[in-house]
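Visitor: curious how this folds, go ahead:
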Amino acid sequence: MTGGRGVSIRLTVLLGLVSTALAYLVSRILTGQGATLPQASWGAFIVLVFMACGVFFAGLPVRRFLRGRATKTLNPLRAMRTPVLAQASALTGALVTGWYAGQALVLVPDLDVPSQRSLAFKLAVLAAGGVLMAIAGLAVQAMCRVDPPEPGADSEGEGQQSPDRSSED
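Guide: This is a model prediction of the structure:
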């Protein structure tokens, strides 16, 4: 975290690119020695989408509370854990994207073989699932952000946060 701003898009993209490069190198070395890439599963894509949706829907109550539209009180522990979950989701999504994208890049020279083309397609879809997970994490992190009050704002203004809300970030 830099300056309390959370996980940045730049960090997420950089982590994804580094993990892509490492996955490509490892997969290239293993396939060069005669090993095959692990089979990709459609179930993994379903899990990634489910996790992205879970993170997103976990952030909605925090967002409603921060905007003053909540009908129920928000558990402070949940409010504290939600942005942490979002940051973990963003970083994990970047790593997952890189892992599957690196493997897919190894298969690019062999796309004329139907079995390799099928595996490359699955890997590309799984990488897209990782991107979805990273986007959900970054979006929820932004939804949970509590901006500091503007200097010079009066204490009765709408821009002021109550003391118990400002400690949730």
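
Visitor: so what's the gap between the lengthiest helix in the chain and the chain middle?
Guide: What stands out as the longest helix in the chain, according to DSSP state H, is helix 76-107. Mean-position distance between helix 76-107 and its chain equals 4 Å (Cα atoms, centre = their mean, to the nearest Å).

Visitor: then stretch 134-151?
Guide: Its chain's C-alpha centre and that of stretch 134-151 lie 14 Å apart, by Cα atoms, centre = their mean.

Visitor: end to end on it, go ahead and measure it.
Guide: End-to-end distance for stretch 134-151, by Cα to Cα, to the nearest Å: 33 Å.

Visitor: so for it, mean pLDDT?
Guide: The average pLDDT within stretch 134-151 is 87.

Visitor: run through who's touching it.
Guide: Outside of stretch 134-151, the residues within contact range by Cβ atoms under 8 Å, 6 or more residues apart in numbering are 6-7, 9, 12, 16, 52-53, 55-56, 58-60, 62-63, 66, 79, 82-83, 85-94, 97, 159-161, 165-166, 168-169. To be clear about C-beta, it is placed using only N, CA and C from the backbone, and glycine gets the same treatment.

Visitor: in this structure, which spans are helices?
Guide: Secondary structure of the chain (DSSP H): helices located at 9-32, 42-66, 76-107, 114-143, 163-166.

Visitor: in TSV: those helices, plus mean neighbour count.
Guide: Listed next are these as TSV, based on neighbours: other Cβ atoms under 10 Å:
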stretch	mean neighbour count
helix 9-32	16
helix 42-66	17
helix 76-107	21
helix 114-143	20
helix 163-166	11
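
Visitor: out of the ones you listed, flag the one nearest residue 152.
Guide: Nearest to residue 152 among these is helix 163-166; the distance by Cβ to Cβ comes to 17.2 Å.

Visitor: show me what contacts residue 19?
Guide: Residue 19 neighbours (Cβ under 8 Å, 6+ apart): 94, 95, 97, 98, 99, 102.

Visitor: that older thread, reformat the helices of the chain as JSON lines; add distance to residue 150.
Guide: Formatted as JSON lines, the helices of the chain follow (distance: least, Cβ to Cβ, whole Å):
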{"stretch": "helix 9-32", "distance to residue 150": "25"}
{"stretch": "helix 42-66", "distance to residue 150": "16"}
{"stretch": "helix 76-107", "distance to residue 150": "22"}
{"stretch": "helix 114-143", "distance to residue 150": "19"}
{"stretch": "helix 163-166", "distance to residue 150": "13"}
